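In: quick check, what structure comes out for this input:
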Amino acid sequence: VQLQASGGGLVQPGSSLRLSCAASGFTLGNYAIGWFRQAPGKEREGVTCINWGFSNSTYQESVKGRFTISRDNAKSTVYLQMNSLKPEDTALYYCAARRYLCSGSGSAYVKWGQGTQVTVSS
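Out: Numbering: from 1, shown residues only. The predicted structure follows:
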């Protein structure tokens with residue numbers, strides 16, 4: 001049972017990145033997937049989440065209109081499209097899974113990926 005986050009990198013402000021969260025060992029379609037991030041010296045925060053199936057998603061206010069979460073259950077993968085990146089988006093990004101519905105609390109998630117680093121700098 002594993003989540004594998006990938007797609008991070010070093011980009012300039014205003015650039016885009018697409019993160020992927022690939023699931024193995026369980027049926028992704030039965031799980032809500034959240035993306036969290038943690039910057040150095042800061043607490044982990046929830047960024048966005050998508051409920052099971054193709055139901056609704058939620059976004060942190062600071063990323064609304066710039067980030068889009070989507071899922072492809074056939075590929076067991078959830079994506080985070082990040083546009084108009086800002087230096088304050090710099091963080092280690094994690095994906096996490098919990099049954100069915102999103103939660104704003106990281107402790108509610110039972111499966112975590114290893115994280116992928118996103119650095120936005122000129």
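
In: lowest-confidence helix or strand of the protein?
Out: Scoring the helices and strands of the chain by mean pLDDT, DSSP states H and E places strand 57-59 at the bottom, with a mean of 87.

In: mind listing the strands it pairs with, and their directions?
Out: When pairs are called by DSSP bridges, strand 57-59 turns out to pair with strand 45-50 (antiparallel).

In: picking that back up, next structured bit after the least confident helix or strand of the chain?
Out: strand 67-72 (DSSP states H and E).

In: tell me the angle that next one makes with strand 45-50.
Out: Using axes from the mean of the first three to the mean of the last three CA atoms, to 10 degrees, the inter-axis angle of strand 67-72 relative to strand 45-50 is 40 degrees.

In: in its sheet, what does strand 67-72 sit against?
Out: strand 77-82 (antiparallel).

In: now do the buried residues in the strand it pairs with.
Out: The neighbour-count criterion (16 or more other CB atoms under 10 Å) identifies 77, 78, 79, 80, 82 as the buried residues of strand 77-82. Placement of C-beta: from N, CA and C, glycine included.

In: pLDDT weak spots in this structure?
Out: Counting by pLDDT under 70, the chain shows low-confidence ranges at 54-55.

In: ranges for the strands of it?
Out: Remark: strands assigned in the chain by DSSP state E are 2-6, 9-11, 17-24, 31-38, 45-50, 57-59, 67-72, 77-82, 91-99, 111-112, 116-120.
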